[in-house]
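Student: what shape does this take:
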Amino acid sequence: MSSFVYLVQEPMGLHARPVGMLVKQLKNYACDIQVICGKRQADAKRLFAVMGMAVKCGETVTVVFTGEDEQEAYKETKIFFEKNF
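Tutor: Numbers count the residues shown, from 1 in each chain. Okay, here's the model as predicted:
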């Protein structure tokens, strides 16, 4: 299991366009990827699940990876968050 914590800095929070791009990339990985924000949790490979969390600017999310290709998914996802959120 791998994970990272990220403070959302994008004024619009986790919004549709970049979340859609992220979900598309993550579907290439076999590992399970969860986004957690407080008591809310979602499968990072499901657009509406992530959007339903309504993560806003200033909130902290934890992204957790579990499975065979988790290290590759971790690296790509962390870079994506840093560039887009």
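
Student: so how far is the lengthiest helix in the chain from its chain's centroid?
Tutor: The helix spanning the most residues in the chain, taking DSSP state H as the definition, is helix 70-84. When distances are taken as Cα atoms, centre = their mean, to the nearest Å, helix 70-84 is centred 9 Å away from the chain's centroid.

Student: show me which residues of that helix are buried.
Tutor: Of all the residues in helix 70-84, those buried under the rule 16 or more other Cβ atoms under 10 Å are 70, 73-74, 77, 80-81. No exception for glycine: its C-beta is placed from N, CA and C like everyone else's.

Student: and for stretch 33-43?
Tutor: 33-37, 42.

Student: let me know the outermost residue of this protein.
Tutor: Computed with Cα atoms, centre = their mean, the maximum C-alpha offset from the centroid of the chain is found at Glu68, amounting to 17.9 Å.

Student: now do the same contact list for it.
Tutor: If you count contacts by Cβ atoms under 8 Å, 6 or more residues apart in numbering, Glu68 has them with 30-31.

Student: could you do Leu7 as well?
Tutor: Neighbouring residues of Leu7 by Cβ under 8 Å, 6+ apart: 58-60.

Student: read off the pLDDT value for it.
Tutor: Confidence at Leu7, expressed as pLDDT, is 98.

Student: can you check Ser3 too?
Tutor: Taking Ser3 on its own, its pLDDT is 97.

Student: give me the phi and psi for the closest residue to Lys56 other than its chain neighbours.
Tutor: Spatially, and ignoring its direct neighbours in sequence, Lys56 is nearest to Gly13 (4.2 Å; Cβ to Cβ, 6 or more residues apart in numbering). Dihedral angles of Gly13 (phi, psi; degrees, to the nearest 10) stand at phi 70, psi -150.

Student: that older thread, out of the buried residues of helix 70-84, who's nearest Gln9?
Tutor: Distance ranking of these against Gln9, using Cβ to Cβ, places Phe81 first at 9.6 Å.
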